[in-house]
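Visitor: dropping the sequence and predicted coords here.
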Amino acid sequence: MTDEQSLRRNDERRLRLEGRLPPGQSVTLKFPVLDLGIHPEIDPESWELRVFGAVEQEIRLGWEAFRLLPTRKVTLDLHCVTRWSKFDTEWEGVSVQDLVKRGLIKPLAGARHVVQHAADGYATNLPLSVVLQDNYLLAHRYAGQPIPPEHGFPVRAVIGALPGAPDVFTPYLWKGAKWITSLEIVEEDRPGFWEKNGYHNEACARQEQRYSER
Ligand SMILES: Nc1nc2c(c(=O)[nH]1)N[C@H]1C(S)=C(S)[C@@H](COP(=O)(O)O)O[C@H]1N2
Ligand SMILES: [Mo]
């Protein structure tokens, strides 16, 4: 067994004991890249994040405006539906909860869901209540560096488990759009790319909601 393999096995034993390894998952120390195969090259200067739909007023935040927003640093355990989990990943970025609190985003009374759209044509949906949780972030930094291009530069949505907060709902990693360009707030839920293609709409990692029953 190589050093890396034994390190991984020790981690896996510890994380399982700590109750942090969801059923059917195993530990990876690498950071696999999973997507539709298109890696858009985005110039931050021309990037913008649009928030539209069931909101009092549509907003567009360019890179400079985005970078002036308050940020949070969050440590997340990432769970991918393809069965790898990566623990204690460090992200910095903007919390949608903070944007709502500051009145920058004003969801209409009937707003219930959010469709995240990305520059490669990908989309994924989440309940608005989940997007407002502490474990959902519009991240512009990973591990103290700008997000690597293949992981979503300049800004990606990321969602994972908060170590020590097992009761916070945590879906699989596909529920965060890399190269994010807009958040569409909607009243009626609308499935995204994988949700239309057989994956579970809620996607709770702890409950192993991988595929839809339909
Ligand atoms: N824009 C975009 N975001 C995406 C995807 C994609 O194809 N395009 N794939 C999703 C899937 S299926 C997974 S598992 C994660 C993988 O993130 P990673 O490549 O940083 O590991 O990104 C999610 N976000
Ligand atoms: Mo995935």
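Guide: On my side now, so go ahead. Ligands and ions are numbered 1, 2, ... in the order given.

Visitor: so which residues on this structure come close to ligand 1?
Guide: 32-36, 80, 118, 120, 122, 151, 173-174, 176-179 (C-beta under 6 Å from any ligand atom). Quick note: C-beta positions are derived from backbone N, CA and C, even for glycine.

Visitor: next structured bit after the top helix by length along the chain?
Guide: When the chain is parsed with DSSP state H, its longest helix is helix 3-17. Following helix 3-17 in sequence order, the next helix or strand is strand 26-27 (DSSP states H and E).

Visitor: mind listing the strands the helix or strand following that following strand pairs with, and their directions?
Guide: Counting by DSSP H and E, the element after strand 26-27 in chain order, helix or strand, is strand 48-53. Counting by DSSP bridges, the strands paired with strand 48-53 are strand 59-62 (antiparallel), strand 180-186 (parallel).

Visitor: can you pull out the strands in this protein?
Guide: Residue ranges of the strands in the chain, as given by DSSP state E, are 26-27, 48-53, 59-62, 72-79, 84-94, 113-118, 123-127, 136-142, 145-146, 156-159, 180-186.

Visitor: may I see the buried residues of the third one?
Guide: Yep, that's strand 59-62 we're talking about. Residues of strand 59-62 classed as buried: 59, 61 (neighbour count, 16 or more other C-beta atoms under 10 Å).

Visitor: residues contacting residue 192?
Guide: 115-116, 122-125 (C-beta atoms under 8 Å, 6 or more residues apart in numbering).

Visitor: returning to what we had before: now, of the residues of the chain next to ligand 1, which are buried?
Guide: By 16+ other C-beta under 10 Å, the residues of the chain next to ligand 1 give 35, 80, 118, 120, 122, 151, 173-174, 176-179 as buried.
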